[in-house]
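**Q** Take a look and give me a structure for this.
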Amino acid sequence: MILLVAATEMEALPLAGKTTGQPHALFIAGVGPLETAVRLTRRLAEVRGEVSLVLNFGVAGAYGGSGADLLDICLAEREVMGDFGICHAERIEPFDGQLAGNTVFPLDPRYLAQAGEMLGTQEYNCKKGVFVTVNGASATARRGAMLRAAHNGLCENMEGAAVARVCQEFVVPCLEVRCVSNMVEDRNPANWQLAAAVQRCGQVVSLLIDHLAPI
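**A** Numbers count the residues shown, from 1 in each chain. You can find the predicted model right below:
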């Protein structure tokens, strides 16, 4: 079974009622890394052995200069905990490795390659790169530029690293796909394309459910 993980009901809505493709189930993990980690841990413990893939999906904010633009589909090569550390005005100073533990989580390369190839045949404008998980959404272009430079980031979200870490703990493959709903700039919701990004991401996830080959 593929466990489809979204942060919110809004992001999951395009997949509600889908019955075609591989066996799958929708799961709402909540907003932010803490709630996501707790809920997903509980869920995977309940269905241990039944889940062949966790497919994390939703919207994201793209960093200026990263190559990603509005409504682009982005696939995560790895997730990083972007603002975990000592927060200075102009930089994030990471905690010592012994204190912080691992803060970088690769996504499954086999599913990543398969998804990229399949979506390429469907003429989706896919970008692959580093996703940055933040505890607070960036509301200025300056902060976005800092996080992009620090991590070579493509886009940011608030749950991906938590999902990847829990999957690592349960030894379950993880794939993450997001659609860019906004650029990380000085906050201006008038520029966002949230509804369109939700629908586009849902279309892509539906295709993945139908065409991904189990590994």
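**Q** what separates residue 64 from residue 186, distance-wise?
**A** According to CB to CB, to the nearest Å, residue 64 stands 11 Å off from residue 186. For every residue, glycine as well, the C-beta is placed using N, CA and C.
**Q** With residue 161 instead?
**A** Distance from residue 161 to residue 186, by CB to CB: 25 Å.
**Q** where does this protein dip in pLDDT?
**A** 97-98, 100 (pLDDT under 70).
**Q** Would you map the strands across it?
**A** Per DSSP state E, the chain carries strands over the ranges 2-6, 24-28, 53-63, 73-81, 86-87, 92-93, 104-106, 126-133, 153-157, 174-184.
**Q** re earlier: neighbour count winner among residue 161 and residue 186?
**A** residue 161 (28 against 12; other CB atoms under 10 Å).
**Q** List the residues that contact the more buried one.
**A** 33, 79, 80, 81, 103, 105, 131, 133 (CB atoms under 8 Å, 6 or more residues apart in numbering).
**Q** what number of residues lie near the closest residue in space to residue 59 that isn't next to it in sequence?
**A** For residue 59, ignoring the flanking residues on the chain, the nearest one in space by CB to CB, 6 or more residues apart in numbering is residue 181 at 3.9 Å. A count of neighbours around residue 181, defined by other CB under 10 Å, yields 24.
**Q** May I ask you to confirm that residue 181 is in contact with residue 200?
**A** No - applying CB atoms under 8 Å as the test, residue 181 and residue 200 come out as separate, 9.3 Å apart.
**Q** CSV please, covering the contacts of residue 161 and showing neighbour count and distance to residue 42.
**A** As requested, those are exported to CSV (neighbours: other CB atoms under 10 Å; distance: CB to CB, whole Å):
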residue, neighbour count, distance to residue 42
33, 22, 15
79, 27, 20
80, 24, 25
81, 26, 21
103, 18, 23
105, 23, 20
131, 28, 24
133, 28, 20
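**Q** Distance to residue 5 added to those residues, as a markdown table?
**A** Listed next are the contacts of residue 161 as a markdown table, based on distance: CB to CB, whole Å:
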| residue | distance to residue 5 |
| --- | --- |
| 33 | 13 |
| 79 | 13 |
| 80 | 18 |
| 81 | 18 |
| 103 | 20 |
| 105 | 14 |
| 131 | 14 |
| 133 | 14 |
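**Q** nearest to residue 149, of the residues you listed?
**A** residue 80 (12.8 Å; CB to CB).
**Q** Tell me how far the closest one lies from residue 90.
**A** Taken as CB to CB, the span from residue 80 to residue 90 is 19 Å.
**Q** And for residue 135?
**A** Taking CB to CB, one finds residue 135 at 18 Å from residue 90.
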